[in-house]
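J.: Mind looking at a prediction? Sequence and model below.
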Amino acid sequence: MSASLSGIRAAIIDLDGTLLHTAPDFHIAINRMRNELDLAPVGIETIERFVGKGTEHLVRQIIGLDYDQPTVQERLTPALDSYHRHYHAINGDHVTLYPQVKEGLEALRAKGLRLACVTNKPVGFAVPLLEKTGLAFWFELVYGGDSFARKKPDPYPLLQVCKAFGLEPHQVVAIGDSTNDAEAARAAGCRSLTVPYGYNHGQPVQEIDSDGIVSTLLDAAHIISG
Ligand SMILES: O=C(O)COP(=O)(O)O
Ligand SMILES: [Mg+2]
């Protein structure tokens, strides 16, 4: 359990694996893409290991299970096109909210924190997904993996939130499920908290260098103060 975090004025919250269990959507879209490429379906656990570093990384890893690197390079564009088409068609249909997400967002706002969502998912998928699941309401800002030239674990998107909110990085906490969130936060100078239930590339969350593990977003709200 983590110590309390004080002097916090805003929270940057990750999407996949933190707000929503999106792996079932990824699973369906990836296997529809694989079917178009004449590849056999893969299990959801395989997909969960590759979520967190954006769409191109996911598709590269998934076709890399079958193809050598030159072939991955050659087939990447049609594979991405296929994946985007299938993901767009089902985005949000098979996702579930993790426990205490809405309660956590409400409690963070009740403490006067400003909220941003920073995800490595393309912003064109993230915004409709947040709208469909009733989460968009909570966030003043949403940045995706393609909002800037650099994505998490690079600190750039987090620093853009700090700038937009007029806050110093140490006044901002990033909450996420993977090393990408914690590394981005460290590099930005933000505080960070980790939830244990998402996708961390198959690695134990205890190995993540953050300011602590919280069981839910509501638990995070309990240890954060302004
Ligand atoms: O699309 C992904 O790789 C997931 O992104 P997120 O965990 O940063 O929301
Ligand atoms: Mg995540």
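T.: Looks like it came in fine. Ligands and ions are numbered 1, 2, ... in the order given.
J.: what element comes up after the longest helix belonging to the chain heading to the C-terminus?
T.: Counting residues, the longest helix found in the chain (DSSP state H) is helix 69-90. Downstream of helix 69-90, the first helix or strand assigned by DSSP states H and E is strand 96-97.
J.: Run me through the strand neighbours of that next one, direction for each.
T.: If you go by DSSP bridges, strand 96-97 pairs up with strand 20-21 (antiparallel).
J.: List the buried residues in stretch 173-193.
T.: 173-188, 190-193 (16 or more other C-beta atoms under 10 Å). (Glycine included, C-beta is placed from N, CA and C.)
J.: from those, which ones fall inside helices?
T.: T179, N180, D181, A182, E183, A184, A185, R186, A187, A188.
J.: Could you check which residue of the protein lies nearest ligand 2?
T.: Ligand 2 sits closest to G17 of the chain, with a gap of 3.7 Å, by C-beta to the ion.
J.: Surely that residue is in contact with G198?
T.: Yes. Counting by C-beta atoms under 8 Å, G17 does reach G198; the two are 2.5 Å apart.
J.: okay, and the common contacts of those two?
T.: G176, D177, S178 (C-beta atoms under 8 Å, 6 or more residues apart in numbering).
J.: Would you mind trimming these to those in range of ligand 2?
T.: Among the shared contacts of G17 and G198, the residues lying close to ligand 2 (C-beta under 5 Å from the ion) are D177, S178.
J.: Same list (the shared contacts of G17 and G198) but as TSV, adding pLDDT and distance to ligand 1.
T.: Output for those, formatted as TSV (pLDDT from 0 to 100; distance: C-beta to the nearest ligand atom, whole Å):
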residue	pLDDT	distance to ligand 1
G176	98	7
D177	98	6
S178	97	6
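J.: Would you reformat the shared contacts of G17 and G198 as CSV and include distance to Q206?
T.: Output for the shared contacts of G17 and G198, formatted as CSV (distance: C-beta to C-beta, whole Å):
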residue, distance to Q206
G176, 15
D177, 13
S178, 13
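J.: Return the member of the shared contacts of G17 and G198 nearest to R114.
T.: The nearest member of the shared contacts of G17 and G198 to R114, counting by C-beta to C-beta, is G176 at 17.1 Å.
J.: excluding its backbone neighbours, what's nearest that closest one?
T.: D14 (3.5 Å; C-beta to C-beta, 6 or more residues apart in numbering).
J.: Enumerate every residue touching that neighbour.
T.: D14 neighbours (C-beta under 8 Å, 6+ apart): C117, V118, T119, A174, I175, G176, D177, S178, D181, G198.
J.: Cool, thanks, talk later.
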